[in-house]
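Participant: Fold the following and give me the result.
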Amino acid sequence: MSTATADLMDDYADSAILLPPVFRHFGKRTAFHGPLACVNCFEDNSKVKELLESPGYHPHTNESQVLLVNGQGSLTCALLGDMIAEKAVAQGWAGIIIDGCVRDASILEKLDIGIMALAATPRKSIRQNRGEINPDTFYCRGQLIKPGYYCYADLDGIVILPEAV
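Facilitator: Below you'll find the predicted structure:
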């Protein structure tokens, strides 16, 4: 079974969640997949840092996870930079998708991890320990998504399915 997003949309159009094509690639990996972990936050990357500093393997399947961050589309500051991304690589995360910004783009592109975001900005976030990790109700770009759903990302886009294929 192919994990290419175009093939997944052809085969699972009725159950697939397709995120809009607003995300750019920033990491070395341009194709990645895995079960989702989720963070809700707004201009505060405390919970992103907390989660990415922990092991990136799903506790039940031992697969590398993908972190989906609902940063509410803010372009004010970065929710991910080189230091946190390097920790994510060391912890075995497959990828990070941020509905917001990253920074240190020239370093991120060399890291062996998938990273997608709306844009890059040099401004860092302020850490005030606000946000939620794996909330019961999680929306990103208007789509209801649950932690543990499977995310598939490549150069064509981002497809999320309730189960692995």
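
Participant: Which element, helix or strand, includes the spatially most central residue of the chain?
Facilitator: Central residue of the chain (Cα atoms, centre = their mean): Ile97, 2.3 Å from the mean position. Remark: Ile97 resides in strand 95-102, with elements defined by DSSP states H and E.

Participant: other SSEs contacting that strand?
Facilitator: The contact analysis (3 or more Cβ pairs under 8 Å, 6 or more residues apart in numbering; DSSP states H and E) places strand 95-102 against strand 32-40, strand 66-70, strand 78-80, helix 82-90, strand 114-120, strand 150-154. Quick note: C-beta positions are derived from backbone N, CA and C, even for glycine.

Participant: Direction included, what does the first one pair up with?
Facilitator: Same thing as strand 32-40. strand 66-70 (parallel), strand 132-133 (antiparallel), strand 150-154 (antiparallel) (DSSP bridges).

Participant: I'd like the next helix or strand past the strand holding Ile97.
Facilitator: Once the chain leaves strand 95-102, the next helix or strand it forms, by DSSP H and E, is helix 105-108.

Participant: For that next one, could you pull out the residues that count as buried?
Facilitator: Ala105, Leu108 (16 or more other Cβ atoms under 10 Å).

Participant: what sits up against it?
Facilitator: Contacting residues not belonging to helix 105-108 are listed as Phe26, Gly27, Leu80, Asp82, Ala85, Val102, Ile115, Ala120 [Cβ atoms under 8 Å, 6 or more residues apart in numbering].

Participant: quick check: mean pLDDT across that helix?
Facilitator: Mean per-residue pLDDT for helix 105-108: 99.

Participant: what's the angle from the strand holding Ile97 to helix 82-90?
Facilitator: Taking axes from the mean of the first three to the mean of the last three Cα atoms, to 10 degrees, one finds strand 95-102 and helix 82-90 inclined to each other by 170 degrees.

Participant: got the CA coordinates for strand 95-102 in PDB?
Facilitator: Taking Å, rounded to 0.1, in the frame of the first residue of the first chain, the C-alpha atoms of strand 95-102 are listed here in PDB:
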ATOM      1  CA  GLY A  95       7.800  15.000  11.800                       C
ATOM      2  CA  ILE A  96       6.300  18.200  13.100                       C
ATOM      3  CA  ILE A  97       3.500  20.200  11.400                       C
ATOM      4  CA  ILE A  98       2.900  23.700  12.700                       C
ATOM      5  CA  ASP A  99      -0.100  25.900  11.900                       C
ATOM      6  CA  GLY A 100       2.200  28.900  12.600                       C
ATOM      7  CA  CYS A 101       5.800  29.700  12.200                       C
ATOM      8  CA  VAL A 102       9.300  28.300  12.600                       C
END
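
Participant: That's all I had, so thanks and see you.
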